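Participant: this one's sequence-less:
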């Protein structure tokens, strides 16, 4: 098994564009079509969370994750 740390910048669009993206993918993208009444509250919460990462060149933050590589042993 191999384990690798991976880090990269994500974003780069305006704050409003990043909020729009958050509403189309991931958990929000799955929940909001079924509960659209949560959209206004969700938009304010996402804007508040991302506002710390807003710069003159767009909203950008670091993403960190682990890449795990494993291979199963073949029997027989």
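Facilitator: Thanks, I have it. On a predicted model such as this, the values are computed, not experimentally measured, just so you know.
Participant: the helix of greatest length in the chain packs against which elements?
Facilitator: Under DSSP state H, the helix in the chain containing the largest number of residues is helix 39-50. Helix 39-50 is packed against helix 15-24, with contacts defined by 3 or more Cβ pairs under 8 Å, 6 or more residues apart in numbering; DSSP states H and E. All C-beta spots, glycine's among them, are computed from the backbone N, C-alpha and C.
Participant: what mean pLDDT does the helix or strand just after the helix it packs on get?
Facilitator: For helix 15-24, the following helix or strand on the C-terminal side (DSSP states H and E) is helix 26-31. Helix 26-31 shows a mean pLDDT of 87 in the predicted model.
Participant: what does helix 26-31 rub up against?
Facilitator: The list of residues contacting helix 26-31 from outside it, by Cβ atoms under 8 Å, 6 or more residues apart in numbering, reads 22, 23, 38, 42, 46.
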